[in-house]
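> have a look; sequence and predicted model below, questions after that.
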2 protein chains.
Amino acid sequence: MIPRLYIDGPLKEGAAAPLSAAQAHYLKNVLRREAGDDVLLFNGRDGECAAKIIEVKKKGGAALAKTQTRTQETQPDLHLLFAPVKRGPLETIVQKATELGAARLSPIVTERTVAPKINIERLRAIAVEAAEQCGRLTVPSVDEPIKLAAALDTWASDRRLVYCDEAGDDEKKQWGGRQGRAAPMLETLKSLNSNADKWAILIGPEGGFAPAERAALRARAFVVPVTLGPLILRADTAAIAALALWQAALGDWRRS
Amino acid sequence: MIPRLYIDGPLKEGAAAPLSAAQAHYLKNVLRREAGDDVLLFNGRDGECAAKIIEVKKKGGAALAKTQTRTQETQPDLHLLFAPVKRGPLETIVQKATELGAARLSPIVTERTVAPKINIERLRAIAVEAAEQCGRLTVPSVDEPIKLAAALDTWASDRRLVYCDEAGDDEKKQWGGRQGRAAPMLETLKSLNSNADKWAILIGPEGGFAPAERAALRARAFVVPVTLGPLILRADTAAIAALALWQAALGDWRRS
């Protein structure tokens, strides 16, 4: 398997691309690669190039881009908004959302968010690694956390916000109940105008949204409330399921 | 939040149900509950009952079932077959497949399975805990691992096997390529007879299926090859995505 690396700088056939100290360490000491070995490079803008390692040293390295292997493609304009959860599921959300093609990841602080300190740099590193592994040509951006109210107040009205209305206390019974007003997500996506090109998905905290938050969400014209079945899904499960349904109904998974 | 417990024995209004030592320990020492406190009980057959703790001791405990809160419902007849992966993603698969309503979990040994020793009892405990948390009335069974060839040779021909044909080396390029012959999963499920009631989903190992395995799968009439988009998904991501698509297209998630 040829190692695949995300680089910050420009990527051009015939040009050398610098590798970070971490990348050089990974290539040299983990994968046991050396000068002359093959790598694949991408930078989120210039597609992907086959390259040869020039050097891998302690302080960094370089690779020579040889031939473009893929041209840059447009990606779905899909954001994931999620209430931060514990570290394990939080990292699962970032890794899986990258594999599932989200363009931007936005931690959202809600009333019931049990917010551990979020290490944004670590989440960005997880997104880079997942993009390298899954073959993406881009890396999703990871935002600093903001409050739900601030996110709604600054929302661009041409972006639909698909709101997974799980575990709402006034409409869902404690266990195994059903939502009163939210419709199934797949059916809802299919019934909306699929030519809309700006989308976002919002997943709540483990304890659900507070009643006032749910009302505030439902009051916005850009919000589309949906449900993901009768069982109570964990936040990471809901995020993965919702992204998969979106990709299958409206995104890249429609192509064979 | 009222603790929800899966019990082995019968569940009947007015009858006492024994609790295991582990359950008694959990109630007493983790949740700080005592005699007289509320619990919810289910056993996979008799719905769910509100109950009161009678006693919680070191060797076990008991609860008195009071009122049935939910009657037993039929669940989708959906199996998940998956090649065992490393412990972390393996446990993710079992936890999430339970939340996503799979009735049976079958580890399948393939040519490229990097099989660590699987602790089936631990996987069953994860399934029980996930069922308790998500509000399911049943717990999926977890099979002992069997080889892919054996699974196919003993397959009941009236059960469709949706085969997620990811990372196949002869049809998918190393990174970001597309399958030649598998169609998108959602479209494929929608085009099949949705009155069929026995289903299974098969997810391969991280290294993909070997060419001979892929040919063997595609030769069976009950096998439906599908793809989950252009990126290379990890095994746990693929399992969660495929179960979510099935539930949305043909299962419980169609109801609002």
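Looks like it arrived, so ask away. Residues are numbered from 1 along each chain as shown, chains lettered A, B, ... in the order given.
> wait, A:W155 sits on A:A216?
No: using Cβ atoms under 8 Å, A:W155 is not in contact with A:A216, being 11.5 Å away. For every residue, glycine as well, the C-beta is placed using N, CA and C.
> what sits in contact with each of those two?
Where contact means Cβ atoms under 8 Å, 6 or more residues apart in numbering or on different chains, no residue is in contact with each of A:W155 and A:A216.
> A:K190: what's it in contact with?
Contacts of A:K190 (Cβ under 8 Å, 6+ apart): A:A249.
> if I look at it, what pLDDT would I see?
Here the pLDDT value assigned to A:K190 is 90.
> and the one helix or strand A:K96 maps to with chain B, contact?
A:K96 belongs to helix A:87-99 when assigned by DSSP states H and E. Yes: using Cβ under 8 Å from any Cβ of the partner chain, helix A:87-99 reaches chain B at A:T92, A:Q95, A:K96, A:E99.
> excluding chain neighbours, what is closest to the second one?
Closest residue in space to A:Q95, ignoring its immediate chain neighbours: A:A130 at 4.6 Å, by Cβ to Cβ, 6 or more residues apart in numbering or on different chains.
> give the buried residues for the helix or strand hosting that neighbour.
Per DSSP H and E: A:A130 is located in helix A:120-134. By 16 or more other Cβ atoms under 10 Å in any protein chain shown, the buried positions in helix A:120-134 come out as A:L123, A:R124, A:I126, A:A127, A:V128, A:E129, A:A130, A:A131, A:E132, A:Q133, A:C134.
> what sits against the third one?
In other words, A:I126. In this structure, A:I126 makes contact with A:E91, A:V94, A:Q95, A:T98, judged by Cβ under 8 Å, 6+ apart.
> okay, now the closest residue to it other than its chain neighbours: neighbour count?
Closest residue to A:I126 apart from its sequence neighbours, by Cβ to Cβ, 6+ apart: A:V94 at 4.8 Å. Neighbours of A:V94 under the rule other Cβ atoms under 10 Å in any protein chain shown: 26.
> ok, A:W155 next?
For A:W155, the count of nearby residues is 14 (other Cβ under 10 Å).
> just the pLDDT for the closest residue to A:E129 other than its chain neighbours.
For A:E129, ignoring the flanking residues on the chain, the nearest one in space by Cβ to Cβ, 6+ apart is A:Q95 at 7.8 Å. The model reports A:Q95 with a pLDDT of 98.
> wait, isn't A:Q95 in contact with A:E132?
No: at 11.5 Å, A:Q95 and A:E132 do not qualify as touching, with contact defined as Cβ under 8 Å.
> now do the helices in chain A.
Counting by DSSP state H, residue ranges of the helices within chain A are A:21-25, A:87-99, A:120-134, A:148-153, A:185-191, A:211-218, A:235-250.
> highest mean neighbour count out of those helices?
Ranked by mean neighbour count, the helices of chain A are led by helix A:235-250 with a mean of 26 (mean count of other Cβ atoms under 10 Å in any protein chain shown).
> restricting to C-alpha, output it in PDB.
Provided in PDB are the C-alpha atoms of helix A:235-250 (Å, rounded to 0.1, in the frame of the first residue of the first chain):
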ATOM      1  CA  ALA A 235     -24.700  10.800  19.300                       C
ATOM      2  CA  ASP A 236     -21.900   9.200  17.300                       C
ATOM      3  CA  THR A 237     -24.300   6.600  15.900                       C
ATOM      4  CA  ALA A 238     -26.800   9.300  14.900                       C
ATOM      5  CA  ALA A 239     -24.100  11.400  13.200                       C
ATOM      6  CA  ILE A 240     -22.800   8.500  11.100                       C
ATOM      7  CA  ALA A 241     -26.300   7.300  10.200                       C
ATOM      8  CA  ALA A 242     -27.500  10.800   9.200                       C
ATOM      9  CA  LEU A 243     -24.400  11.500   7.000                       C
ATOM     10  CA  ALA A 244     -24.800   8.100   5.300                       C
ATOM     11  CA  LEU A 245     -28.500   8.800   4.600                       C
ATOM     12  CA  TRP A 246     -27.700  12.200   3.200                       C
ATOM     13  CA  GLN A 247     -24.900  10.800   0.900                       C
ATOM     14  CA  ALA A 248     -27.200   8.000  -0.300                       C
ATOM     15  CA  ALA A 249     -30.200  10.300  -0.900                       C
ATOM     16  CA  LEU A 250     -28.600  13.500  -2.200                       C
END
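> could you pull up the mean pLDDT of it?
For helix A:235-250, the per-residue pLDDT averages 97.
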